[in-house]
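**Student:** 3D, please:
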Amino acid sequence: MLSGRRVVVLGGTGAVGGAVVEHAVAAGARVFASHGVSTTPPPGTDRLQWAALDATHEASVESFFASARRSLGTIEVVVNTVGTYAGGEPVMSMRAEVWDRLMAVNARSAFLSMRESMRSLSDQFYGRYIQVGALSALEPSQGSAAYAVSKAAMLHLAEIAARESAGSGITINTIAPWIIDTPANRRDMPDADRSTWVQPSEICRAIDRLCDPAATSSGMTIRISGGDAIH
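**Tutor:** Here you go, the predicted model:
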């Protein structure tokens, strides 16, 4: 579904974002992807370009999307994989800086990226904004307040933006996976049962579904757990 599409990937050097970049390029898309301002991106190709992005900084997000438009001409698909995690602290002992950091990296970045995506996609009849959230936004657990609330904010933001863009040809949807099988999660949870963890390839398959021109539903949250995706 991505063949020939012009795709922007936010968080392209992360475990999930990297898988999305690789999947999109292999599918025949032209890709403009972000890397952190303090990191060196992988090599580009004729179908893949990189640019630095601080997803929490308004001017950086605006500049990144302006560069993406110049590079791609038309942006058809945006996949936002930016996010971070912190957990284990109950509300009564949580440090304010932990709360603020997750709200910035998860919720504020989602707002800025979604706003600039809607502006970039607004002049066409086909547009897809897809963000990677988390299942804990729908099923929160103890010790996950900052993470779950920041991810829940992403869901509500997508639902509202989807209503505001109704009839435009732009769809705005969220993929909400269970724990993703990444090197960082394996390192942080070495004794966990990984049989129900979500593979990045499963997220890529969900992106394909949402990019189908026939997939016109907007404001949806697709849950993914252990290889089983449900609306």
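
**Student:** Give me the residue ranges of the protein where confidence is low.
**Tutor:** 226-231 (pLDDT under 70).

**Student:** can you pull out the strands in it?
**Tutor:** 6-10, 30-35, 48-52, 77-80, 127-132, 170-177, 221-225, 228-230 (DSSP state E).

**Student:** need the helices for the protein, in chain order.
**Tutor:** Chain-ordered helices for the chain, with DSSP state H as the definition, fall at 15-27, 58-72, 96-102, 109-121, 145-164, 183-188, 200-211.

**Student:** Run through who's touching the longest one.
**Tutor:** Yep, that's helix 145-164 we're talking about. 83, 85-87, 89-91, 94, 98-99, 101-103, 105-107, 110-111, 114, 118, 129, 131, 133-134, 136-138, 140-141, 171-174, 176, 218-219, 221 (CB atoms under 8 Å, 6 or more residues apart in numbering). Backbone N, C-alpha and C define where each C-beta goes, glycine included.

**Student:** Need the CA coordinates for it. PDB is fine.
**Tutor:** C-alpha atoms of helix 145-164 as PDB (Å, rounded to 0.1, in the frame of the first residue of the first chain):
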ATOM      1  CA  ALA A 145       0.500   7.300  35.400                       C
ATOM      2  CA  ALA A 146       2.700   9.600  33.400                       C
ATOM      3  CA  TYR A 147       3.100   7.200  30.500                       C
ATOM      4  CA  ALA A 148      -0.500   6.100  30.300                       C
ATOM      5  CA  VAL A 149      -1.900   9.600  30.600                       C
ATOM      6  CA  SER A 150       0.500  11.000  28.000                       C
ATOM      7  CA  LYS A 151      -0.400   8.200  25.600                       C
ATOM      8  CA  ALA A 152      -4.100   8.700  26.400                       C
ATOM      9  CA  ALA A 153      -3.700  12.300  25.400                       C
ATOM     10  CA  MET A 154      -2.400  11.200  22.000                       C
ATOM     11  CA  LEU A 155      -5.600   9.000  21.500                       C
ATOM     12  CA  HIS A 156      -8.000  11.900  22.400                       C
ATOM     13  CA  LEU A 157      -6.000  14.300  20.200                       C
ATOM     14  CA  ALA A 158      -6.300  11.900  17.200                       C
ATOM     15  CA  GLU A 159     -10.000  11.400  17.800                       C
ATOM     16  CA  ILE A 160     -10.700  15.200  17.900                       C
ATOM     17  CA  ALA A 161      -8.400  16.000  14.900                       C
ATOM     18  CA  ALA A 162     -10.200  13.200  12.900                       C
ATOM     19  CA  ARG A 163     -13.500  14.800  13.500                       C
ATOM     20  CA  GLU A 164     -12.200  18.200  12.500                       C
END
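
**Student:** now that helix against helix 109-121, angle please.
**Tutor:** If you take axes from the mean of the first three to the mean of the last three CA atoms, to 10 degrees, helix 145-164 sits at 20 degrees to helix 109-121.

**Student:** the inter-axis angle of helix 145-164 versus strand 221-225?
**Tutor:** Using the same axes, to 10 degrees: helix 145-164 against strand 221-225 is 140 degrees.

**Student:** What residues sit buried inside helix 145-164?
**Tutor:** 145-155, 157-159, 161-162 (16 or more other CB atoms under 10 Å).

**Student:** and which of the residues you listed is nearest to residue 58?
**Tutor:** Within those, distances to residue 58 taken as CB to CB reach their minimum at residue 157, with 15.6 Å.
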